[in-house]
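K.L.:
A predicted structure for the sequence below; I have some questions about it.
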Amino acid sequence: MIARLRELRYTLIGQTRLLGGMCLQLAEDTFGIKIPATRFFLHSYSYFFRDTGDFEDALVRRYAEVKRELQVLCVGCARGQEPYTIAILCDKLGIPVSVTAVDRSPQAVGIAREGVYDLDRERSNARNSRGEAPVERIDAHLRWFEPAPGGHRIIAPIRARVKFEVMDAGDLPFDGDRDLVFARNMLYYLPPAKLEDVVRRLKRALCPGLGVESIITDPITKRKGLVR
Ligand SMILES: C[S@@+](CC[C@H](N)C(=O)[O-])C[C@H]1O[C@@H](n2cnc3c(N)ncnc32)[C@H](O)[C@@H]1O
């Protein structure tokens, strides 16, 4: 069984150039094949302060407009670095925020809920990234972490601002109450029919009057024009 899954995974990697569990997710989403072992192959890659230049202004602008606690939805939150980054930046900027963060990977969400990170690994991931150089930003925000067994834990007031749920983007139930929706580095993995449904759900989550400019994505999603 494991050998056959491995074979399927390598075939998909070869044909799609997608790594690890994303291939099996693609098989599930495209062909409706439910593979119980998909979660063992998932690799929910992210790192702290990833491309924050793409959304810092949006947080500040929206808060200036509404002057109340911002309601943020973070879809494909992986191991929690992105929603915690949002909560840390808001704390620093004096913006009250409540973040709902969802991912289809139970493992990733488990790690996110714990909120404990190996900061050397985070620095190394940040260093290997092609985006902004957020290594210095990790070191500039150490006061939002505290030493803990296994690494550094996000401090309690920041953890209290983020609620995690295991959820597929195809099941998003949010309706008209989100100031900003994050869907970064995940939409381009979805097959067309599912993508269309997910984008509809992302839009529906936004407060009345807000449009696609309030959906924060990534350079690949923008280049492909996936959110319109
Ligand atoms: C490459 S990570 C991106 C993490 C973070 N958004 C970032 O930009 O750093 C993609 C994440 O999206 C999640 N994901 C992929 N398809 C999903 C879906 N249909 N519903 C929910 N999460 C999904 C994966 O499990 C993975 O954790």
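P.N.:
Nice, thanks for sending it over.
K.L.:
use CA for all of it now, contacts and neighbours both
P.N.:
Noted.
K.L.:
Could you tell me the average pLDDT over the helix or strand harbouring residue 72, please?
P.N.:
Per DSSP states H and E: residue 72 is located in strand 70-75. For strand 70-75, mean pLDDT is 98.
K.L.:
what packs against that strand?
P.N.:
With contacts taken as 3 or more C-alpha pairs under 8 Å, 6 or more residues apart in numbering; DSSP states H and E, strand 70-75 sits against strand 97-103, strand 180-182.
K.L.:
Make CSV out of those and add distance to residue 115 and mean neighbour count.
P.N.:
As requested, those are arranged in CSV below (distance: least, C-alpha to C-alpha, whole Å; neighbours: other C-alpha atoms under 10 Å):
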stretch, distance to residue 115, mean neighbour count
strand 97-103, 13, 23
strand 180-182, 19, 24
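K.L.:
The ligand: which of these is closest?
P.N.:
With respect to the ligand, and counting by C-alpha to the nearest ligand atom, the nearest of these is strand 97-103 at 3.8 Å.
K.L.:
could you give the angle of that closest one to strand 70-75?
P.N.:
10 degrees (axes from the mean of the first three to the mean of the last three C-alpha atoms, to 10 degrees).
K.L.:
Pull the distance from strand 97-103 to the chain's centre.
P.N.:
9 Å (C-alpha atoms, centre = their mean, to the nearest Å).
K.L.:
just use 24 as the starting number from now, easier for me
P.N.:
Done: numbering now begins at 24, and the last item shifts to strand 120-126.
K.L.:
And the residue nearest the centre of the protein?
P.N.:
residue 100 (2.5 Å; C-alpha atoms, centre = their mean).
K.L.:
returning to what we had before: what's the next secondary structure element after the strand holding residue 95?
P.N.:
helix 104-116.
K.L.:
Thanks a lot, see you next time.
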